[in-house]
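Engineer: structure for the following, please:
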Amino acid sequence: MRLAIIVLGFVLGILAGAGLLLLNPLAFMGGLSPLPADIAPAKAYRWDAYRGIGTGVADLVGFGAPDRKVALKAPALAHVRIGIIVLPAGEGTPAALAVKVSTLSGENSLWRARLGTDDTWSILWPGEGSAFAASYSNFWTLVRDTFFATARGGGRDLLAPQYAVSAPPPVDDPTGVTGASGRYAGFTGEIRDFFYPGDPNPDWALAIKMNPPPVSTR
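Structural biologist: So this is what the prediction gives:
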C-alpha cells in the first residue's frame, strides 16, 4: 500500500510539474508565434519515408530513444531527420521532388517554449528548376495542446485541425528561399510548413512563394 501511494505521488508530481511548465506565463510571453500562413496555396505531402529522429517531445528535447529501423547510425547524425518528399502539382504537371533535412535546434528549451528544428529544403521541379530554402519549425503549441488533450482524455480529437509550425527563427539565421536555379534563378521567397495531427492522409503540407528578381531596364 505504501509503495502504491509513493508511485501515485510520483506520477502525480510529474503530471503537475509538466502542467505547470506548459502553463508557464513566461513561455506564453516568450514563445515563438507561428508565421502568417496565407502566403501561397499549400501542397499536401506525407513524410513516412524518412531516416533519423522522430518529432515526439523526447526526440525534440534530445532524450528520445532512437528507432533502430530508421535511425542514422553515425553519432554525428544522432539528432537529424532526413527524407525524400513528393509534392504533387496540378493535373498534367509533374510533381516536384524535395529533400528535407531537419536538425534539432540548439535553442530548444521547454522553459522558453521552444521545441523546434532547423529545416533545409531542396526542391526540384522536373524540367523547370530548383530552389533551396531554410526554415525554423516550433512544435511547442502542438506539444502543449497534446498534453492537455491527453490529460482530458480526448486525445487528438481535442487538437486543432491544423498547426502552422513554421515560426521566426530564435536566432538571426536567414530563412525562406535562399537560392534557386533554372527558370527560378535569382528568385527569392518564403516557405511555410503545416502539420495536421488528426488527418493521416495527408499529415503535412508545404506552402512556398517564389518572387522573381526585379526586371532590369537595360
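Engineer: hmm, Ser181 is touching Glu128, no?
Structural biologist: No: counting by Cβ atoms under 8 Å, Ser181 sits too far from Glu128 to count as a contact (9.8 Å). Placement of C-beta: from N, CA and C, glycine included.
Engineer: helices along this structure, start to end?
Structural biologist: Counting by DSSP state H, the chain has helices at residues 2-22, 25-30, 57-60, 140-151.
Engineer: neighbouring contacts of stretch 79-93?
Structural biologist: 43-47, 49-55, 62, 72, 95-104, 117, 123, 125, 206 (Cβ atoms under 8 Å, 6 or more residues apart in numbering).
Engineer: do me a favour and average the pLDDT over that stretch.
Structural biologist: In this model, stretch 79-93 has an average pLDDT of 85.
Engineer: end-to-end on that stretch?
Structural biologist: For stretch 79-93, the first-to-last residue distance is 35 Å (Cα to Cα, to the nearest Å).
Engineer: got it, and stretch 54-68?
Structural biologist: End to end - Cα to Cα - stretch 54-68 spans 12 Å.
Engineer: can you check stretch 102-115 too?
Structural biologist: One end of stretch 102-115 sits 13 Å from the other (Cα to Cα).
Engineer: how about the strands in the protein?
Structural biologist: 43-45, 50-52, 80-87, 96-104, 116-125, 129-138, 163-164, 176-182, 188-195, 204-211 (DSSP state E).
Engineer: paired strands for the fifth one, with orientation please.
Structural biologist: In the sheet, strand 116-125 lines up against strand 96-104 (antiparallel), strand 129-138 (antiparallel) (DSSP bridges).
Engineer: got the buried residues for that strand?
Structural biologist: Using 16 or more other Cβ atoms under 10 Å as the test for burial, strand 116-125 gives Gly116, Thr117, Asp118, Asp119, Trp121, Ile123, Leu124, Trp125.
Engineer: how distant is stretch 173-183 from the center of its chain?
Structural biologist: What separates the centre of stretch 173-183 from the centre of its chain is 19 Å, taken as Cα atoms, centre = their mean, to the nearest Å.
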